[in-house]
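Chemist: sequence-free structure coming up:
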């Protein structure tokens, strides 16, 4: 029986993929499958994926045209057979006991989702990267409030999830390249999972210079689409009025870094300002 499926979207990561996959192969838990989704890479990523699959029978490879990490995760999830799901970005890696620790905690607490802390890898040093800032009781009492109140980071890779729970939610992955974790996390929480919080940092997050977080292009403006989807999903559940104040603060929190980023590009700055005015009107803030 496969206990954990580790799904790794891979796009232009020839310099990082081996490290990421190796961290999974070295896990103390044995019953793991690795699903590599090559998302239309034009470097050596595709060949690396195939070579790894030939060497290790626990690795499956899916090749697709470039659709973004969100859709790559969706495709990987559809092909996974594990009891639990962990999404791993191809430039990041796991602590050696991550899957074992998470699996045991999930089974022990009968959790639908185990959320854990991480490390930010920067300049050869490990810096604590907190994913949650609240108690387990508060998280389970009102996960939407905790999320919109910035007590839980959107990072999908920091959430170890029961496969059957994901199937029951009918999770719809958006066609976004930037900020997709914002709407994915909301949709996961709207289904009210049983959540266990784990203070142990088990994930190493590496922010490479050419990642979408740093690159200044039109993709960063997708934050407006993601926030619009959050509003629509809240309204569909009849929750928007209840969480409107938190939603507005949450939106400004996520818009602020994009605003700072596009200042260096006059064209993007103008587009951002137009989209921001539209966002304010739609939310009664204009």
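Modeler: All right, it came through fine. Being a predicted model, the structure only gives us computed values, none of them experimental.

Chemist: show me what contacts residue 12?
Modeler: Under the criterion of CB atoms under 8 Å, 6 or more residues apart in numbering, the contact list for residue 12 reads 41-43, 45. For every residue, glycine as well, the C-beta is placed using N, CA and C.

Chemist: same thing but at 10 Å, please
Modeler: 39-45, 66, 90-91, 210 (CB atoms under 10 Å, 6 or more residues apart in numbering).

Chemist: Show me the strands in the stretch 1-150 of the chain, by range?
Modeler: Defined through DSSP state E, counting those that start in this stretch, the strands belonging to the stretch 1-150 of the chain, from first to last, are 4-10, 32-39, 59-64, 84-87, 93-94, 113-122, 125-129.

Chemist: As a markdown table, these with distance to residue 175 and mean pLDDT would be great.
Modeler: Shown next, in a markdown table, are the strands of the stretch 1-150 of the chain (distance: least, CB to CB, whole Å; pLDDT from 0 to 100):
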| stretch | distance to residue 175 | mean pLDDT |
| --- | --- | --- |
| strand 4-10 | 14 | 98 |
| strand 32-39 | 12 | 98 |
| strand 59-64 | 13 | 98 |
| strand 84-87 | 17 | 98 |
| strand 93-94 | 27 | 98 |
| strand 113-122 | 24 | 95 |
| strand 125-129 | 27 | 90 |
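
Chemist: of those, which approaches residue 261 most closely?
Modeler: Between residue 261 and the strands of the stretch 1-150 of the chain, the tightest spacing by CB to CB is seen for strand 113-122, at 18.5 Å.

Chemist: Can you list the strands that the closest one pairs with?
Modeler: Based on DSSP bridges, the strands next to strand 113-122 in the sheet, each with its direction, are strand 125-129 (antiparallel), strand 159-162 (antiparallel), strand 195-206 (parallel).

Chemist: ok so, going back, looking at the contacts of residue 12, which gets the smallest pLDDT?
Modeler: For those, the least confidently modelled position is residue 210, at 54, judged by pLDDT.

Chemist: Chain neighbours aside, what residue packs nearest to residue 193?
Modeler: By the measure of CB to CB, 6 or more residues apart in numbering, the closest residue to residue 193 outside its immediate chain neighbours is residue 112, 3.5 Å from it.

Chemist: quick one: low-confidence ranges for this structure?
Modeler: Within the chain, the ranges that satisfy pLDDT under 70 run 208-216, 285-286.

Chemist: one more time with 90
Modeler: Across the chain, the stretches falling below the confidence threshold (pLDDT under 90) are 121-126, 169-172, 175-178, 207-219, 264, 283-286.

Chemist: still on that earlier bit, what would the strands of the stretch 1-150 of the chain look like in a markdown table with distance to residue 49?
Modeler: Putting those into a markdown table (distance: least, CB to CB, whole Å) gives the following:
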| stretch | distance to residue 49 |
| --- | --- |
| strand 4-10 | 6 |
| strand 32-39 | 5 |
| strand 59-64 | 5 |
| strand 84-87 | 16 |
| strand 93-94 | 16 |
| strand 113-122 | 23 |
| strand 125-129 | 27 |
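
Chemist: now the ones you listed as JSON lines including distance to residue 252 and mean neighbour count?
Modeler: Compiled in JSON lines, the strands of the stretch 1-150 of the chain are given as follows (distance: least, CB to CB, whole Å; neighbours: other CB atoms under 10 Å):
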{"stretch": "strand 4-10", "distance to residue 252": "29", "mean neighbour count": "26"}
{"stretch": "strand 32-39", "distance to residue 252": "31", "mean neighbour count": "24"}
{"stretch": "strand 59-64", "distance to residue 252": "35", "mean neighbour count": "18"}
{"stretch": "strand 84-87", "distance to residue 252": "27", "mean neighbour count": "25"}
{"stretch": "strand 93-94", "distance to residue 252": "33", "mean neighbour count": "22"}
{"stretch": "strand 113-122", "distance to residue 252": "23", "mean neighbour count": "20"}
{"stretch": "strand 125-129", "distance to residue 252": "22", "mean neighbour count": "12"}
